[in-house]
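Peer 1: fold the following and give me the result.
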Amino acid sequence: MIINFDKIDISVLPNFKGGEKDFAANMFFDGTNRIFKGRLIPGASIGLHCHDDSCEVIFILEGSGTLTEVSPDDPDMVSISDVKAGDCLYCPKGFSHSLKNTSHDDDLVFYATVARQ
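Peer 2: Next comes the predicted model:
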């Protein structure tokens, strides 16, 4: 199957998962899994959320930002990492994460897959 994101309407989700500003995405959903091209404008974020029954893989295409990760084994241990174009991020089932565009000028653009497990 070929997914052409240019042919999928953009959904704009304000304060997605408790984040800041708007998250825009061309989202494919087959009833189980989501595959999307997402965009965060400068200062926008996807709020911290847990993948209780899924995992997520994110490939950064453009821009830069920060990834926040929390392990279910130690919820008090929070890891914050800088991310940039070319990075591949993985959030395993049971972990929590958030993504923020820390740029003042450039959008953070990425592909992501959320696969139910």
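
Peer 1: which helices and strands does the helix or strand encompassing Ile80 pack with?
Peer 2: Ile80 is part of strand 74-84, with elements assigned from DSSP states H and E. For strand 74-84, the packing partners by 3 or more C-beta pairs under 8 Å, 6 or more residues apart in numbering; DSSP states H and E come out as strand 64-71. Any C-beta I mention is one placed from the backbone N, CA and C, and that applies to glycine too.

Peer 1: which residues does the strand it packs on contact?
Peer 2: 40, 48, 77-85, 89, 91, 95-103, 106, 108 (C-beta atoms under 8 Å, 6 or more residues apart in numbering).

Peer 1: of these, buried ones?
Peer 2: For the contacts of strand 64-71, a burial check counting by 16 or more other C-beta atoms under 10 Å picks out 40, 48, 83, 89, 91, 95-101, 103, 108.

Peer 1: now do the closest residue to Leu99 other than its chain neighbours: how many residues are near it, please.
Peer 2: Spatial nearest neighbour of Leu99, chain neighbours left out: Ile46 (4.9 Å); criterion: C-beta to C-beta, 6 or more residues apart in numbering. Ile46 is flanked by 26 other residues according to other C-beta atoms under 10 Å.

Peer 1: for stretch 19-39, which residues meet the burial criterion?
Peer 2: 19-20, 23-28, 34-39.

Peer 1: state whether the residue nearest to Leu99 is indeed within a helix.
Peer 2: No. Ile46 is assigned strand when assessed by DSSP: H, G, I helix; E, B strand; the rest coil, not a helix.

Peer 1: how about residues contacting the helix or strand of the chain with the lowest mean pLDDT?
Peer 2: None of the helices or strands of the chain scores lower by mean pLDDT, DSSP states H and E than strand 74-84, at a mean of 95. Residues outside strand 74-84 that contact it (C-beta under 8 Å, 6+ apart) are 60, 63-71, 89, 99, 102.

Peer 1: most widely separated two among these?
Peer 2: Using C-beta to C-beta, the two most remote members of the contacts of strand 74-84 are Gly63 and Ser71, lying 26.0 Å apart.

Peer 1: comparing these two, which residue is more hemmed in?
Peer 2: Between Gly63 and Ser71, counted using other C-beta under 10 Å, the more crowded position is Gly63 (21 against 14).
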